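1. Below is the structure, and that's it, no one-letter string:
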């Protein structure tokens, strides 16, 4: 049983995060232009942001290395909020912070809407360790009463399908990317939800992180819902 204090903190943090993300994503003041977003993805911006496709691919599938996340069909609100976080220092990245600082609110809204609407097939990956995946499934679905952390699916949806508009899908995401992001939460390089994701990440050890990352990489991508409208 997860203590009430942890559940309360999680709910409050996620409510704040969702409302804040929606507010920031709507600041562009006009409907997003998917065609313009596609141009930014392919060519970058006049202000100097490079083409998103250089790392994330034109269809948002990135590459099998896991160095860059899949962003295809991720919620537009979530994608826009992450770009704002990179630009303002709420989320730190030597690469993405500089990219986001060269994007206007319209640029962000348009490219986020584009990637939310485009499909990318899953790339073929090596089979994972079945025992590790099983352990990850337990953490994802049940959590750990011993460590006082809830199951990841409590926020990220059944099978990691996401809870748009604010909570990203994890199903089919590259395991190495999930792992590196959890380490960033642990180290404080992501600051948007310190009492939610930050608290949970600091409760995980390296084996926990490897397990849950392996699990989500192998969850069927069909679990990810139709979220383009977000």
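-> That came through, no problem. Quick caveat: nothing in here was measured; it's all calculated off a predicted structure.
2. and residue 125, what are its phi and psi?
-> Dihedral angles of residue 125 (phi, psi; degrees, to the nearest 10) stand at phi -130, psi 160.
3. Check residue 144 too.
-> phi -140, psi 110.
4. What about it, how many residues nearby?
-> By the criterion of other CB atoms under 10 Å, residue 144 has 16 neighbours. (Each C-beta comes from the backbone N, C-alpha and C, glycine too.)
5. what's the answer for the one 5 residues further on, then?
-> If you count neighbours by other CB under 10 Å, residue 149 ends up with 22.
6. do the same with residue 188
-> Residue 188 has 12 nearby residues by other CB under 10 Å.
7. for residue 126, same thing?
-> Using other CB under 10 Å, the number of residues around residue 126 comes to 7.
8. same deal with the one 10 residues further on?
-> When counting by other CB under 10 Å, one arrives at 28 neighbours for residue 136.
9. other SSEs contacting the helix or strand hosting it?
-> Following DSSP states H and E, the helix or strand that holds residue 136 is helix 130-141. In terms of contacts (3 or more CB pairs under 8 Å, 6 or more residues apart in numbering; DSSP states H and E), helix 130-141 is packed against helix 206-217.
10. what does the helix it packs on contact?
-> The contact list for helix 206-217, computed with CB atoms under 8 Å, 6 or more residues apart in numbering, reads 125, 128-129, 132-133, 135-137, 139-140, 144, 152, 160, 170-176, 178-179, 182-183, 201, 204.
11. Which stretches in the chain count as helices?
-> Ranges of helices in the chain, per DSSP state H, are 4-25, 34-43, 53-56, 76-88, 96-101, 105-117, 130-141, 153-156, 175-187, 199-203, 206-217.
12. Work out which residue lies at the spatial centre of the chain.
-> The residue lying closest to the centre of the chain (CA atoms, centre = their mean) is residue 168, at 4.6 Å.
13. For this structure, which residues score under the pLDDT cut-off?
-> In the predicted model, the chain carries pLDDT under 70 at residues 1-29, 220-230.
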